[in-house]
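Peer 1: give me a 3D structure for the following:
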Amino acid sequence: MAMKIMRKYSKPLMAVFGVLLMVTFLIGYSVQSGVSSAAAGYTLGTLGKTSVTSGMLTGVSVDISILRALETASPQLEEGLLWLDTSQQSHGALQFYLLLHEATREGFTASDQQVQYLLQNKSLHQAVGQLLAGGSYVSDNIVQALRDYQSIQNLAFFAADAAQPSEPQLLHFMSRRLSKVQVQYVCLKAKAGAARMPAPSAALLSQLYQTYRTVVAWSPDSGNRPPRLNGHRYPFGYRYPPRVQVQYVKLDRDALRARMKPTLADVQAAYRYYQSHLDQYLLPPPAGAASQPANVKPRYQSFDQVKPQLIKRQLDKQIDVIFRHITDLILHQTAKPWGSAGKSGYAPKLSRAKWVSYNKMAQLVASQFGYQPQVVTLNQLLNAAQLAALSGIGQARASEAGLDSQADFANLALRVHELQPKATGIAMLLHLQVGREGPLLTDADGNEYIYRVTAASPSQNPASLAEVKTQVLRDARLLEAFKADIKQGQQLVAAAGTKGLAVVAAQDGLKLYTPDRFSEFTQGYNYYGQPVIQPTVVSTLANPVPHFTEQAVRLAIEVQAAGYHGEVLPVKPKAPAPAAHHSGKVAVAPAPAAVAYTGMQHPATMLLDEPRLSLYVMQLIGSWPVPQAQLLDSENRGSDYDRVWFSSLQGFLGNFLSLKAVSQRVGFVPASRGG
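Peer 2: Now for the predicted structure:
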């Protein structure tokens, strides 16, 4: 059955393999120095009776560089060139070499037809053209890299048949997908109480600084979790990320349009457009009518009603031409001092005094076009988040054809040669460097930007605690507030077992959330069309919380183990005693006390979200396990099989493609480090 699924999802599978090949190849690169060293005879180990030297990895090192450059230039390749890790490499080239050796030995070498099929992808074709234009590689290098990569994918594709899920695995997943639970929860956030915390001690400040001085602060947009330090994944970090200073010229579309007066020719052109596109201005049918009655003449907006937007359209066409002339002028003039780039694509370093002044260029534009663009000079070092937050240019992107999702301003500015000497992807294709103009940028409003990086500072640790003391003080208060929240959370869990979380939350003035019933997992498809297992999105959560649905299901399992399911209702209070009559007066029974809950039927738990310094106290209020008969008769059994198979496939291939596993299969014995 697995082979049937493999044929059904052949293209998406390539994306899975691409990700896993990346993960297993590109996790550090301790042999890199040997590869680039002149000591080509450096022995890495033996393969059978053959010594494997660093010089023998040169070819696959070129493969890896090319594949990473191609993927970065075009990330949506259907065939899975997804080399996600751009960090320092460890044993990647050796691993690639051994996997390629195994693929060749087992007869999985990619055919010419497979390579041609890869090159039929339009975005890959464009990326190859840009890579060739850079002059660092020839076509034979690129074809060989694609062939070697596809050969390893062929090997992985064949091995994937071993990851078939068992019947218990399938039933277990289906149960977790089809069973429903319902919870109530409260959320405590450290930032809400940080200001109330007392001044942190000098010892705590010193401890935080020493622990996180070499770590860059975590960003929720990073897609990764913070590193685990001292048993915790806190978001703190005091190491400076890569930063740059920038200067740019802004061509403001609105400002130029405001200086232009429509001519009679503009009005006439607008009217011609109106007449030839009249359907765009059709008025809706009368109120209550589903469509325009056949016997009623269609009504249109008048030309006077749409005249302003049509005039704006005509002016924008003229502005496009003016912008093109201005950008050509500025880019031509600013490129002159740099002369011709060397074989590497980078120009010799040029002192700032020799750069063409943007202010003078703005004055030149004003003299020729009657419009002076804005020049902005930012003398402070900015990181990626700060660059992206800049007004206008922060949301601008490269407008050159063929550039990929990493062509936003912040990413481009931080990819200069001075920060990434071993350039890949866009940095390799565009030869970005300090002082030279980057690609032309355009924002959503049609404004255009010419920019250059004026200074670059690599990631570095702060010199002392004093340098980042404000940040450390803030984090210390957050940490103390989070610890206080944990104590409060523990008290809430204990009280919820007897009173119910709803009652406790009301007493403490906490907002109580009651999302709809949900399952632990849901069916879904990722970008590449793969059937995937994904945690259910709980609508009341502002951000996805790791393990939230899993913890809710664990609460339900406690209840189900006691043979209980359905709505978990509070124990009803005893009925009040009949009213007694004394001396003609009615003795009214006291009001019922707060509803009491049984701990077994209402388990509660606390879930920590350390990266966001938040915690959740949740209590089960309903549990609906799926009947066994529904598991056996499920119409979605086939699609569930697909998802379980894909899930187990990723773990299987991660091990199969690892350096340790391939070394054992092919008989590679690493050389002694002491030798």
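
Peer 1: from here on, just use CA atoms for contacts and neighbour counts.
Peer 2: OK.

Peer 1: hmm, Leu414 is touching Pro241, no?
Peer 2: No: contact criterion C-alpha atoms under 8 Å: Leu414 and Pro241 do not qualify, at 10.1 Å.

Peer 1: settle it for me: which of those two has more neighbours?
Peer 2: Taking other C-alpha atoms under 10 Å, Leu414 and Pro241 do not tie; Leu414 has more neighbours (27 against 18).

Peer 1: so what pLDDT did the more buried one get?
Peer 2: Predicted confidence (pLDDT) for Leu414: 91.

Peer 1: which strands or helices does the helix or strand hosting Tyr616 pack on?
Peer 2: Here Tyr616, judged by DSSP states H and E, is contained in strand 614-624. With contacts taken as 3 or more C-alpha pairs under 8 Å, 6 or more residues apart in numbering; DSSP states H and E, strand 614-624 sits against strand 180-189, helix 469-499, helix 548-561, strand 566-567, strand 604-609.

Peer 1: could you give the angle of that strand to helix 548-561?
Peer 2: Strand 614-624 and helix 548-561 are oriented at 40 degrees to each other (axes from the mean of the first three to the mean of the last three C-alpha atoms, to 10 degrees).

Peer 1: give me the sheet partners of strand 614-624 and which way each runs.
Peer 2: strand 180-189 (antiparallel), strand 566-567 (antiparallel), strand 604-609 (antiparallel) (DSSP bridges).

Peer 1: and the helix or strand just after the first one, how far out from the chain middle?
Peer 2: To tie it back to what came earlier, the one meant is strand 180-189. As assigned by DSSP H and E, the chain's next helix or strand after strand 180-189 is helix 190-193. Centroid separation for helix 190-193 versus its chain: 27 Å, with C-alpha atoms, centre = their mean, to the nearest Å.

Peer 1: with only the CA atoms kept, save helix 190-193 in CSV.
Peer 2: C-alpha atoms of helix 190-193 as CSV (Å, rounded to 0.1, in the frame of the first residue of the first chain):
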residue,chain,number,x,y,z
ALA,A,190,4.4,37.4,32.7
LYS,A,191,4.4,40.7,30.9
ALA,A,192,1.1,41.6,32.7
GLY,A,193,2.8,41.4,36.1
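
Peer 1: which elements pack onto that helix?
Peer 2: helix 469-499.

Peer 1: which elements pack onto the helix it packs on?
Peer 2: strand 180-189, helix 190-193, helix 202-212, helix 501-508, strand 604-609, strand 614-624.

Peer 1: for Ser222, which of the ones you listed is the nearest?
Peer 2: When the helices and strands packed on helix 469-499 are compared by C-alpha to C-alpha, strand 604-609 sits nearest Ser222, at 16.0 Å.

Peer 1: that closest one to helix 501-508, inter-axis angle?
Peer 2: Computed with the same axes, to 10 degrees, the direction of strand 604-609 lies at 70 degrees from that of helix 501-508.

Peer 1: send the alpha carbons of strand 604-609 over as PDB?
Peer 2: As requested, the backbone C-alpha atoms of strand 604-609 are provided in PDB (Å, rounded to 0.1, in the frame of the first residue of the first chain):
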ATOM      1  CA  ALA A 604      -7.000  20.000  35.700                       C
ATOM      2  CA  THR A 605      -3.500  20.700  34.600                       C
ATOM      3  CA  MET A 606      -1.000  23.500  33.900                       C
ATOM      4  CA  LEU A 607       0.800  24.000  30.600                       C
ATOM      5  CA  LEU A 608       3.900  26.200  30.400                       C
ATOM      6  CA  ASP A 609       4.800  28.200  27.300                       C
END
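
Peer 1: how about that strand: buried residues?
Peer 2: Buried positions in strand 604-609, judged by neighbour count with 16 or more other C-alpha atoms under 10 Å: 604-609.

Peer 1: for it, what is the distance to the chain centroid?
Peer 2: Once both centres are worked out by C-alpha atoms, centre = their mean, strand 604-609 turns out to sit 26 Å from its chain's centre.

Peer 1: contacts made by that strand with the rest, please.
Peer 2: By C-alpha atoms under 8 Å, 6 or more residues apart in numbering, the surrounding residues in contact with strand 604-609 are 489-490, 493-494, 496-497, 545-546, 548, 551, 555, 614-620.

Peer 1: from the residues you listed, list just the buried residues.
Peer 2: 489, 493-494, 496-497, 545, 548, 551, 555, 614-620.

Peer 1: for Asp316, which of the helices and strands packed on helix 469-499 is the nearest?
Peer 2: With C-alpha to C-alpha as the measure, helix 190-193 is the member of those nearest Asp316 (46.7 Å).

Peer 1: avg pLDDT for the closest one?
Peer 2: On average, helix 190-193 scores 95.

Peer 1: from Ala466, how far out is the residue positioned nearest the centre of the chain?
Peer 2: Most central in the chain under C-alpha atoms, centre = their mean is Gly223, positioned 4.7 Å from the mean C-alpha point. Per C-alpha to C-alpha, to the nearest Å, Gly223 is found 31 Å from Ala466.

Peer 1: who's Arg397 bridged to?
Peer 2: Residues in beta-bridge contact with Arg397 (DSSP bridges): Asp408, Thr442.

Peer 1: how about low-confidence regions in the stretch 501-650 of the chain?
Peer 2: 526-532, 560-601, 633-636, 638-639, 642-643, 646-650 (pLDDT under 70).

Peer 1: oops, could you answer that again for the stretch 201-350 of the chain instead?
Peer 2: Looking at the stretch 201-350 of the chain by pLDDT under 70, you get 286-296, 341-343.

Peer 1: tabulate the strands paired with strand 614-624 (a markdown table), appending distance to Ala199.
Peer 2: What follows is the strands paired with strand 614-624, written out as a markdown table (distance: least, C-alpha to C-alpha, whole Å):
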| stretch | distance to Ala199 |
| --- | --- |
| strand 180-189 | 19 |
| strand 566-567 | 47 |
| strand 604-609 | 24 |
